[in-house]
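Novice: Here's my sequence, what's the structure:
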Amino acid sequence: MKAGVNINTHVLIYDGFVNFEIMLATYLMKTQGEIITVGLNSEMVNSYEGFIVKPHKDIKEIDCDEVEILLIPGGDIGPIEGNHQLTSLIKRLDINGKYIGAICSGVDLVKQAGVLEGKGFTGNGINNDETYTVSQNIITAKANGYVDFAIELGKMLNIYSDEDDYNETIRFFKYFENN
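Specialist: Predicted coordinates:
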């Protein structure tokens, strides 16, 4: 992707999704295009934090060609594990080289789709020091890696105007420096 290209970010939402894990990522991606929430149906869902959200689109309405990136937050994935439509979407996106970002238990959904085989990845149950891992078109992260996840996602999608912009983003959001 080239800087300045409109990037629409699709975000999976479901009952119990953890909003804070993707909040910074969506904030950064909003600077480049629209945020499109995707539900497993068109019903409103409740985030873990208590936000009631109505998805922009039902997963059945998603055209893979229109997706640049799919973000999958963590949360209580029990009720959506094994969802055929979600698994199929993740596989199609991966086959087409689209970007997939998953954090916390969202990584388990990507793993269940079979697209992490042979790729490095990071998740909550993995005992390593990395907060995130990039492997080709997929970025995965532990819940506490949400800042690194967001900043690196922006780097993968080339949203920073230059190295100074990238470094300023790190200083501001990771180290809380004002300039």
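Novice: Helix or strand for the residue nearest the centre of the chain, just tell me which one.
Specialist: By C-alpha atoms, centre = their mean, the mean C-alpha position of the chain lies nearest to residue 71, the distance being 2.3 Å. Using DSSP states H and E, residue 71 sits in strand 69-72.
Novice: helix or strand right after that strand?
Specialist: helix 84-95.
Novice: Any regions of the protein where pLDDT drops low?
Specialist: For the chain, the stretches with pLDDT under 70 are 1-5, 127, 179.
Novice: Please, where are all the strands along it?
Specialist: 9-12, 35-39, 45-46, 52-53, 57-58, 69-72, 99-103, 132-135, 138-141 (DSSP state E).
Novice: okay if I get those strands as a markdown table plus distance to residue 173?
Specialist: For the C-beta atoms, the positions are set from N, CA and C on the backbone; glycine is no exception. Converted to a markdown table, those look like this (distance: least, C-beta to C-beta, whole Å):
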| stretch | distance to residue 173 |
| --- | --- |
| strand 9-12 | 17 |
| strand 35-39 | 18 |
| strand 45-46 | 27 |
| strand 52-53 | 23 |
| strand 57-58 | 28 |
| strand 69-72 | 17 |
| strand 99-103 | 15 |
| strand 132-135 | 14 |
| strand 138-141 | 14 |
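Novice: and of the ones you listed, who's closest to residue 109?
Specialist: Closest approach to residue 109 among the strands of the chain is made by strand 69-72 (5.7 Å; C-beta to C-beta).
Novice: Contacts for the closest one next, please.
Specialist: Contacts with strand 69-72, where a contact means C-beta atoms under 8 Å, 6 or more residues apart in numbering, come from 7, 9-12, 22, 25-26, 29, 38, 89-90, 93, 98-103, 106-107, 109-110, 153, 157.
Novice: That strand - which strands sit beside it in the sheet, and in what orientation?
Specialist: Using DSSP bridges, the strands paired with strand 69-72 in its sheet are strand 9-12 (parallel), strand 99-103 (parallel).
Novice: Could you dump these into a markdown table with distance to residue 48 added?
Specialist: Compiled in a markdown table, the strands paired with strand 69-72 are given as follows (distance: least, C-beta to C-beta, whole Å):
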| stretch | distance to residue 48 |
| --- | --- |
| strand 9-12 | 14 |
| strand 99-103 | 13 |
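Novice: That'll do, ta.
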